[in-house]
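Undergrad: Please work out how this folds:
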Amino acid sequence: MRRRKSAEKKKRLFIKVFVFMLVFFMFRTFNCKVSAGESAPMVKYYTSVLVRQGDTVTDIANKYMSSEYKSLNEYIEEVRHMNCLTEDCKIHSGEYIIVPYYDYLEGADKI
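TA: Residues are numbered from 1 along each chain as shown. Next comes the predicted model:
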């Protein structure tokens, strides 16, 4: 009789521990999926910018540069190369230049 009660207690304890572990891992898995959606990856995009009277490459770089770049000079150098600009980076009103920018991956909220 005593062995039977001891076996039943062990069985109940095992079931309780199993259910607890099951709930714990389910919650942890759910929690990971939610947090993954919150931190969608950043992706480099490109856009064309209309140069206005008085604009300089530095002005435009200050507007579009983000923390993915180490320095303003690094960003300006990339813009210069993308647009085949000379060392002096002269741009003229009415021209369009291409600039890179970073943003969250499009459609990442649907993942």
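
Undergrad: what residue ranges in the chain score low on pLDDT?
TA: 1-5, 13-14, 17-39, 106-111 (pLDDT under 70).

Undergrad: which residue ranges form the strands in the chain?
TA: With DSSP state E as the criterion, the chain has strands at 42-50, 96-104.

Undergrad: if you compare these, which one is most tucked away?
TA: Greatest average neighbour count among the strands of the chain goes to strand 96-104 (a mean of 15), per mean count of other Cβ atoms under 10 Å. Using the backbone N, CA and C atoms, a C-beta is placed for each residue, glycine as well.

Undergrad: So the chain: which segments form each domain?
TA: 1-39, 42-104 (automatic domain parsing).

Undergrad: Please work out which of those is packed deepest.
TA: Taking mean count of other Cβ under 10 Å, domain 42-104 is the most buried of the domains of the chain, at a mean of 13.

Undergrad: Just the endpoints, please. Distance across it?
TA: 4 Å (Cα to Cα, to the nearest Å).

Undergrad: from here on, count from 721
TA: Got it, first residue is 721 now, which makes that one domain 762-824.

Undergrad: Check the gap between S813 and V771 for me.
TA: 6 Å (Cβ to Cβ, to the nearest Å).

Undergrad: Spell out the residue ranges of the helices in this structure.
TA: Remark: helices assigned in the chain by DSSP state H are 722-758, 777-784, 792-802.

Undergrad: Mind putting the strands of the chain into a markdown table with distance to D779?
TA: Compiled in a markdown table, the strands of the chain are given as follows (distance: least, Cβ to Cβ, whole Å):
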| stretch | distance to D779 |
| --- | --- |
| strand 762-770 | 10 |
| strand 816-824 | 11 |
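
Undergrad: Grab the nearest non-local neighbour of T778.
TA: Spatially, and ignoring its direct neighbours in sequence, T778 is nearest to I796 (6.6 Å; Cβ to Cβ, 6 or more residues apart in numbering).

Undergrad: no, scratch that, I was asking about C809
TA: Nearest residue to C809, sequence neighbours excluded (Cβ to Cβ, 6+ apart): V777, at 4.2 Å.

Undergrad: how about the one you found, what does it touch?
TA: Each residue near V777 by Cβ atoms under 8 Å, 6 or more residues apart in numbering is listed here: 796, 799-800, 805, 809, 811, 817.
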